[in-house]
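> Pasting the sequence and the predicted model now:
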Amino acid sequence: MANNTKVVTRELYVNSKSMISIRKRLPRRRSVIREFSLNTSMHGLPGIVRAQNIHNRIFWTISFICFLGIMTFFIVNAIRDYFHYPTNIDLRFESEWPQYFPAISLCNLAPLRFDKFIEFFINFTVAHNLSNITDTTTFSPNQSGFLWNFLIDRINNNESVEILSFSLASMLRVCYFNYRPCSVADFISFKSSIHGICHTFNAKMKNTTSDSSVRHSNQYGGPGILSLGLYVHSHQYVPYTMDVVGAVILIHDNTQIPLIETSGIELSPGKRYKLSYKKKRTDLLSLPYTNCTKELTLALKAMLANYDGADYVYSQQTCMTLCQQTYVYETCGCINPFLWNARTIVLPGTYKTIVAPLCNISDQCSLTSLFSLIENSSLLTQYCSDCVQGCSSIDFPTQFSSSKGLFDWQIYDIKTFVENSGVPLPVNWSTIWNEYIQQNYLSINIITESNVVEINTQTASMSFVDVISNIGGQTGLWIGISFLSVMEFIEMIYRLLRRCCSR
């Protein structure tokens, strides 16, 4: 029993002695912190520890805290600036040859051709007891008040509007691309809410490669020029519906929806026009820098099926038109009749495509609901959240000039074309045909002005490396912290934890 007591006492003595030895080997926490403060590359802390009196220590302590606060302020601002995702627009000019020749869209300013329209119109007004006039050679101001009723009824019944418009064959007398003949077959058709049936030359087509479906400016060894001659047949304009005579034309990218109602250039007859263009491209960054998109919405895909096989890309303006029509349909059960070419809609939360009916022209619901949508930002967000800016766009800034007059040798060829166009001639054509030609014919030359392309590219003005550099600069400037200082701090924490765990 005595021997056992001696053994236990000896073990306790040995353990206590070893613990004392370990404690002697391990510095105290205060010593660890003091050693770190004296030897760190960080400024300020060595001054606090080495201070010989309380005043000196207070001075260094206040200085360190102040500069630490200033440093923290600038670092927080640098991080916040990074997460605002600031950008720059880099502008550069590049020579691009050969270039794709742009798409050219054109329309007669008048959407309806009188001789094609009047019989259908008379039948409609008589059938609906709107008028008892059966004369197909005249058109009165009173009859013009029923024009929209006729068009809405025809469109809602899915009857063709193409047969009521001027065909391209009846207008296009001359077509040369790089001095080689082109024809009506080189154009595709589309519908404009203002100008009726319009036509596009050199659009990119689906299921084809770009090289096979789109003409280049240097094709056939030419300079990149399209020459057109158009006769607009103003004597067949429907009376009281038009206050101008001529054609409208738009130069746009081969994959861009032709927004000819807003961007087209109106040209009056009796002149020759020269339209020279330059190419300009803009590329935007995607998320998180901008919310731009390239994705086609379901409604937009359905609408693009009406562009005669063209392979067009996303358009914010067209997307906005469709989302407005969607809201009007949900509110009124019909859509804005003045945007009759945008009838394909998809209701929110569904994947079903609807060909919506047009509202009656006397029904103010469509306009009232449209104004309500435009004025209410929350409704716009709900219905038009997908209609954001496109990530890429190509524009063709255009300059145009004109000269007046036609030569006699041209006039006789034009006369022959008009007489064989299939459009009924004016009653007094045989006596004043020369005047009619001057009042209806225009020629257009569209030419590449330069092969230098203006490229605007959005770039991030602050990268992650810039943030790290900014933070490093601020920490080094104010209190001298570097990555090695951080490692020294980690070492001090490790030693303090080891000290605590060994107790």
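Great, that's in hand. Note that this is a predicted model, so its numbers are computed, not measured. Numbers count the residues shown, from 1 in each chain.
> Now stretch 62-75: buried residues?
For stretch 62-75, burial by neighbour count (16 or more other Cβ atoms under 10 Å) applies to F64, F67, L68, M71, F74, I75. (Each C-beta comes from the backbone N, C-alpha and C, glycine too.)
> The helix or strand hosting the third one: how far from the chain's middle?
Remark: L68 resides in helix 54-83, with elements defined by DSSP states H and E. The offset between the C-alpha centroid of helix 54-83 and the centroid of the whole chain comes to 45 Å, using Cα atoms, centre = their mean, to the nearest Å.
> the strands in the stretch 251-400 of the chain, which residues?
265-267, 271-277, 280-283, 344-346, 353-355, 392-395, 398-404 (DSSP state E, counting those that start in this stretch).
> closest to L130 out of those strands?
strand 353-355 (26.0 Å; Cβ to Cβ).
> Please give me every residue in contact with R281.
S392, S393, I394, D395, V453, E454, I455, N456 (Cβ atoms under 8 Å, 6 or more residues apart in numbering).
> and the third one, what are its bridge partners?
It stands for I394. R281 (DSSP bridges).
> What is the burial count for it?
18 (other Cβ atoms under 10 Å).
> and the residue nearest to the spatial centre of the chain, bridged to which residues?
Within the chain, the residue whose C-alpha comes closest to the C-alpha centroid is G390; the distance, by Cα atoms, centre = their mean, is 2.7 Å. Going by DSSP bridges, G390 is paired in beta bridges with T293.
> Offset the numbering so it begins at 9, please.
Right, with 9 as the first residue, what we last looked at is G398.
> That one reaches Y322, doesn't it?
Yes: counting by Cβ atoms under 8 Å, G398 does reach Y322; the two are 5.3 Å apart.
> hey, what's in contact with both of the two?
In contact with both G398 and Y322: T301, K302, using Cβ under 8 Å, 6+ apart.
> Contact partners for the residue nearest to D474 when sequence neighbours are not counted?
Residue nearest to D474 in three dimensions, not counting chain neighbours: Y90, with 7.6 Å by Cβ to Cβ, 6 or more residues apart in numbering. Residues in contact with Y90, defined by Cβ under 8 Å, 6+ apart, are M470, F472, D474, V475.
> Then F472?
Contacts of F472 by Cβ under 8 Å, 6+ apart are Y90.
> Check what pLDDT it gets.
F472 carries a pLDDT value of 86.
> what does M9 give?
pLDDT at M9 comes out at 46.
> cool, and the one 10 residues further on?
What the model reports for E19 is a pLDDT of 47.
> Please apply the same query to G480.
Note for G480: predicted pLDDT of 86.
> what does the one 3 residues further on give?
At T483 the predicted local distance difference test score is 85.
> Tell me the backbone dihedrals of it, please.
The phi and psi values for T483, taken as degrees, to the nearest 10, are phi -70, psi -40.
> List the residues that contact it.
M79, I83, I489, S490.
> Mind picking the two most distant members of those?
I83 and S490 (14.2 Å).
> returning to that earlier point: from the contacts of T483, pick the one nearest S510.
Of the contacts of T483, the one sitting nearest to S510 (Cβ to Cβ) turns out to be I489, at 29.5 Å.
> How many neighbouring residues does the closest one have?
There are 22 residues near I489, going by other Cβ under 10 Å.
> Ok, the one 10 residues further on next?
E499 has 13 neighbours, counted by other Cβ under 10 Å.
> before we move on, what about the one 10 residues further on?
Neighbouring residues of C509 were enumerated by other Cβ under 10 Å; the total is 7.
> Give me the local confidence score for it.
For C509, the model assigns a pLDDT of 80.
> mind checking how far it is from Y502?
11 Å (Cβ to Cβ, to the nearest Å).
> Skip the chain neighbours and tell me the closest residue to L114.
Using Cβ to Cβ, 6+ apart, the nearest residue to L114 is I257, at 4.7 Å.
> residues in contact with that neighbour?
For I257, counting by Cβ under 8 Å, 6+ apart, the contacting residues are I112, S113, L114, G272, I273, L275, L283, I452.
> Are any of those residues buried, and if so which?
For those, a burial check counting by 16+ other Cβ under 10 Å picks out I112, S113, L114, G272, I273, L275, L283, I452.
> thinking again about what came up before, taking the mean pLDDT, what do you get for the helix holding L76?
For helix 62-91, the per-residue pLDDT averages 89.
> can you list the residues that contact the next helix or strand after it?
Where DSSP H and E defines the elements, the next helix or strand beyond helix 62-91 is strand 95-103. Strand 95-103 has contacts (Cβ under 8 Å, 6+ apart) with 293, 297-298, 459-469.
> hmm, back to that, what's opposite the residue nearest to L114 in the beta bridge?
L114, I273.
> per-residue confidence for it?
The score at I257 is 97. That number is its pLDDT.
> Now secondary structure, neighbour count and pLDDT too, for the contacts of strand 95-103, in a markdown table please.
Formatted as a markdown table, the contacts of strand 95-103 follow (DSSP: H, G, I helix; E, B strand; the rest coil; neighbours: other Cβ atoms under 10 Å; pLDDT from 0 to 100):
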| residue | secondary structure | neighbour count | pLDDT |
| --- | --- | --- | --- |
| L293 | coil | 15 | 94 |
| Y297 | coil | 16 | 92 |
| T298 | coil | 15 | 92 |
| N459 | coil | 17 | 91 |
| V460 | strand | 13 | 94 |
| V461 | strand | 17 | 95 |
| E462 | strand | 16 | 96 |
| I463 | strand | 16 | 96 |
| N464 | strand | 15 | 96 |
| T465 | strand | 15 | 96 |
| Q466 | strand | 18 | 94 |
| T467 | strand | 12 | 93 |
| A468 | strand | 15 | 91 |
| S469 | coil | 14 | 91 |
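> which non-adjacent residue is nearest F125?
L172 (4.7 Å).
> ok, that neighbour - contacts?
By Cβ under 8 Å, 6+ apart, the contact list for L172 reads P119, L120, R121, K124, F125, F128, G204.
> does the closest residue to the last one other than its chain neighbours count as helix, strand or coil?
The one in question is G204. Leaving aside its chain neighbours, G204 sits nearest to P119 (3.0 Å; criterion: Cβ to Cβ, 6+ apart). Secondary structure state of P119, per DSSP: H, G, I helix; E, B strand; the rest coil, is coil.
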